[in-house]
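[1] Provided below for reference: sequence and predicted model.
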Amino acid sequence: MRAFLATTCILTGALFAGGCATKKYVLNTTAPIQAKVDQVGDQVTHDGQQIVDTRNQDKQLDEKTQNGISAAQERASTADQHASLADQHAGDAMNRANQAAQLGEQNSQAVNVLRSDFKSAIANLDDYKLQTSAAVPFQFGQYALTVGAKQDLDKLADEVKASRRFFIAVEGYTDSTGSKAYNSALSRRRADAVVTYLVAKHEIPVYRIQMVGLGDEKPVEEGRNRAARAKNRRVEVKVFSADSASAQMANPTNAANRMPQ
């Protein structure tokens, strides 16, 4: 009996020892494989994460690139608008410069014409002869034109319009009543009223008119009575023309009728 138990124990121990040895062998064999598998899994996970990170970076880079392209396009569009506006301003400035140049050329031509006329007038001063004249009367102490005075000036202006080379002398006078200073100022106002009427109503160029106020100088009547004073309150308008000589040759009868008697 004891021998049987001993044998049983020996067999059991052998089996147990053999099982333990097999399990240990399996563990020793599979452990490196599992470690390798785990390592490969970790590497795959790591590589996958890198791929995800790389994709995210690529996406962010694409977004930045697209934003940069959009911003560049917007700046280019703004630059084009600014360039177009600058071109428009430059065109406007060029047009204004051309207009100013044309106006300057016109003014220069007008000045040259005036200078030529002036030089011609000075050179041929002796050619200017009295063409026609008128005496415009005024009320005592007044310098406003009467209806009759305007009619006389209308007739004179109609005669002047046919002339090409002429100038008008306007001389204002008063009677002897009042001080020298008062009469001088009043005579200038009377002369100025005549000039204003000729320029405004008949469009006679103002540069063709010479005006002066002489107060009570050069009276036409020396008497102190009312009639003499009335004759001295006047503005004498004299038209001098360089065309009168040629006009007389062309039509002596008409020229004689226009000359003052």
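    Arrived safely. None of these values were measured; they are calculated from a predicted model.
[2] which SSE is Ala135 in?
    Assigned by DSSP states H and E, Ala135 falls within strand 129-137.
[3] Doesn't Ile51 belong to a helix?
    Yes. Counting by DSSP: H, G, I helix; E, B strand; the rest coil, Ile51 is located in a helix.
[4] what's the neighbour count on it?
    10 (other Cβ atoms under 10 Å). (Each C-beta comes from the backbone N, C-alpha and C, glycine too.)
[5] State the mean pLDDT of whatever helix or strand Gly41 lives in.
    Gly41 is part of helix 2-123, with elements assigned from DSSP H and E. Average pLDDT, helix 2-123: 69.
[6] buried ones in stretch 201-219?
    In terms of neighbour count (16 or more other Cβ atoms under 10 Å), stretch 201-219 has its buried residues at Ile204, Arg208, Ile209, Met211, Gly213, Leu214, Gly215, Asp216, Pro219.
[7] ditto for stretch 140-159
    Tyr143, Leu145, Ala149, Asp152, Leu153, Leu156, Ala157.
[8] Tell me the pLDDT of the fourth one.
    Read it as Asp152. For Asp152, the predicted pLDDT is 93.
[9] now, which of the buried residues of stretch 140-159 lie within helices?
    Counted as lying in helices by DSSP state H, out of these, are Ala149, Asp152, Leu153, Leu156, Ala157.
[10] so which of the residues you listed comes closest to Pro137?
    Comparing those against Pro137 with Cβ to Cβ places Ala149 closest, at 6.5 Å.
[11] Enumerate the beta-bridge partners assigned to the spatially closest residue to the closest one that is not a sequence neighbour.
    Ranked by Cβ to Cβ, 6 or more residues apart in numbering and with sequence neighbours excluded, the top spatial neighbour of Ala149 is Val136, at 4.5 Å. Using DSSP bridges, the bridge partners assigned to Val136 are Val235.
[12] Offset the numbering so it begins at 14, please.
    Done: numbering now begins at 14, and the last item shifts to Val149.
[13] how much space between Val149 and Ala99?
    For Val149, the distance to Ala99 equals 62 Å [Cβ to Cβ, to the nearest Å].
[14] With Glu118 instead?
    For Glu118, the distance to Ala99 - Cβ to Cβ - is 28 Å.
[15] distance of Thr190 from Arg239?
    11 Å.
[16] And those two? Which one has more around it.
    Ranked by neighbour count (other Cβ under 10 Å), Thr190 and Arg239 place Thr190 first, with 14 against 10.
[17] mind checking the SS state of the nearest residue in space to the more buried one that is not next to it in sequence?
    Excluding the flanking residues, the one nearest Thr190 by Cβ to Cβ, 6+ apart is Arg242, at 6.7 Å. Secondary structure state of Arg242, per three-state DSSP, is helix.
[18] isn't Arg242 right next to Gly191, touching?
    No. Using Cβ atoms under 8 Å, Arg242 is not in contact with Gly191, being 11.0 Å away.
[19] who's more crowded, those two?
    Taking neighbours as other Cβ under 10 Å, Arg242 and Gly191 compare with Arg242 leading, 18 against 15.
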